[in-house]
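my questions are about this predicted structure, shown below with the sequence.
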Amino acid sequence: MSPESKKLFNIIILGVSFMFIFTAFQTCGNIAQTVITNLNNTDFHGSGYTSMSIIYGVFSASNLISPSVVAIVGPQLSMVVSGIFYSLYIAVFIQPATWAFYTASVFIGIAAAVLWTAQGNCLTVNSDENTIGRNSGVFWALLQSSLFFGNLYIYFAWQGKTHISESDRRTVFIALTVISLVGTVLFFLIRKQEDTKAPGEEDSANEILGDSSSAQNKMTRAVAAFKKSIKLSFTKEILLLSVTTAYTGLELTFFSGVYGTCIGAVNRFGSEEKSLIGLSGIFIGVGEILGGGLFGLLSKNNRFGRNPVVMLGIVVHFIAFYLIFFNMPNDAPIAPMEGTDDVAYMIPSKEVAILCSFLLGLGDSCFNTQLLSILGFLYSEDSAPAFAIFKFVQSICAAVAYFYSNYFLLQWQLLIMVVVGFFGTITFFTVEWEAAAALVARGSDYSSI
């Protein structure tokens, strides 16, 4: 197998592994609050929103040390261990206990930081400036296929149900735990890179395998990675991209946890309200896959860079927010177990609700594929600190959004996303224009980004 084929193989294995793990985790996040409100066990006092807030809060803090962990352990082993913690978190739902639920939330927050930093490293090491756009799209499409499979099962298994029984819950979460473990094992298939790089590039080529010489060298690399993360945080490009990244954190919370809960709380959807949560997740996944695949395939022929894709993303999201505002009752995110009978500005429509799911997924793929692409392009020499900062900002904003989702009505959640999304788009445009100017100055073709 040629070096280029081996790199593409590694990207595909990376994407498939994440697809399995996040089939389990994203389905879990989508249904967690609904499952918890249907628990008969009065000893359990957990909240799905609070759990996600803990996960993303710990995730954000852990991103400060995750480059050091990846430098010491190596990306491959980092991803394997992290995958095991994802599986343990999902397994908690088989027999929920409040202490185990929140303890697992802390551990998965740490594991997520290490997992995503290692993923960014693996993606960058197996790409160059001509393939980073394609590889980002391929990875994103495979990752977001996870939304399709898990939610397809939820749609059929929960059809016609207004209450989730203990048997229903256990069946779902045992299956999701096994799926997560399969994805974890697949990380072992990522292949070792041949030493095809110049001598000055040797270290970055070996990073993907976790190769190292001595404990002292590992600690030196760990300290250097931490220092670089702190220094990089205050550069102009990272500060500007942080606004865009903050928006992806807010809308991630909305489409992955809040919107499904809203749909499940609308009594006017009748006996289909619970199964519609699964259908919503499927169409979010369809939007994510379509966007990731399309922008990945078109990246080599895109003469206009990343800005038009981000512009498409914000327009699509604003349309979705407008329709959700008209279609969904204002108290849907915080409705009790009995649901809500309120009406917004139109009679709640299943078709409009599912269309909005598709638009949320499509818009999210626009932002995330282009952020992955521009970070891999700007920081191709040493990607781990840049991806750690990206996940730090995204996750802390997701944690804040999950926290206020316990209290804020739908209209205020939508307004916050509109304001941050508007400014995030402008800051992304600024960084992209500067990157394009630097590329032209270097004598490269702008379409290669």
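Yes, it's here. Residues are numbered from 1 along each chain as shown.

what sits against the spatially most central residue of the chain?
A centroid search over the chain (CA atoms, centre = their mean) returns residue 252, at 7.0 Å, as the residue closest to the centre. Contacts here follow CB atoms under 8 Å, 6 or more residues apart in numbering; on that basis residue 252 touches 364, 394, 398, 401. To be clear about C-beta, it is placed using only N, CA and C from the backbone, and glycine gets the same treatment.

can you tell me how far it is from residue 431?
20 Å (CB to CB, to the nearest Å).

again, but for residue 395
Counting by CB to CB, the gap from residue 395 to residue 431 is 20 Å.

and residue 143, by the same measure?
The gap separating residue 143 from residue 431 is 23 Å, by CB to CB.

is it true that residue 133 touches residue 373?
Yes: counting by CB atoms under 8 Å, residue 373 is a contact partner of residue 133 at 5.0 Å.

those two: which is more packed in?
Neighbours were counted for residue 133 and for residue 373 using other CB atoms under 10 Å; residue 133 has more, 30 against 27.

tell me what the helix or strand in which that one is found is packed against?
Per DSSP states H and E: residue 133 is located in helix 132-144. Helix 132-144 sits against helix 3-37, helix 98-125, helix 275-298, helix 350-378, with contacts defined as 3 or more CB pairs under 8 Å, 6 or more residues apart in numbering; DSSP states H and E.

again, only this time at 6 Å
Judged by 3 or more CB pairs under 6 Å, 6 or more residues apart in numbering; DSSP states H and E, the packing partners of helix 132-144 are helix 3-37, helix 275-298, helix 350-378.

so for the last one, mean pLDDT?
Per-residue confidence for helix 350-378 averages out to 89 on the pLDDT scale.

how about it: buried residues?
350, 352-378 (16 or more other CB atoms under 10 Å).

kindly report the same for the longest one.
When neighbours are counted by 16+ other CB under 10 Å, the buried residues of helix 3-37 are found to be 6-8, 10-11, 13-37.

before we move on, the earlier item: tell me the angle of the helix holding residue 133 relative to helix 350-378?
If you take axes from the mean of the first three to the mean of the last three CA atoms, to 10 degrees, helix 132-144 sits at 140 degrees to helix 350-378.

roughly how far is whatever helix or strand comes next after helix 132-144 from the heart of the chain?
Next along the chain after helix 132-144, taking DSSP H and E as the criterion, comes helix 146-157. Distance, stretch centre to chain centre, for helix 146-157: 18 Å (CA atoms, centre = their mean, to the nearest Å).

which elements pack onto helix 146-157?
Secondary elements touching helix 146-157 (3+ CB pairs under 6 Å, 6+ apart): helix 3-37, helix 275-298.

what's the closest of the helices and strands packed on helix 132-144 to residue 185?
For these, distance to residue 185 was read as CB to CB. The smallest value, 8.5 Å, belongs to helix 3-37.

what's the first helix or strand after the closest one?
Downstream of helix 3-37 (by DSSP H and E), the next one is helix 48-62.

what's that next one packed up against?
Going by 3+ CB pairs under 6 Å, 6+ apart, helix 48-62 lies up against helix 3-37, helix 98-125, helix 384-404.

dump these into JSON lines; add distance to residue 191 as well.
Listed next are the helices and strands packed on helix 48-62 as JSON lines, based on distance: least, CB to CB, whole Å:
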{"stretch": "helix 3-37", "distance to residue 191": "6"}
{"stretch": "helix 98-125", "distance to residue 191": "11"}
{"stretch": "helix 384-404", "distance to residue 191": "20"}
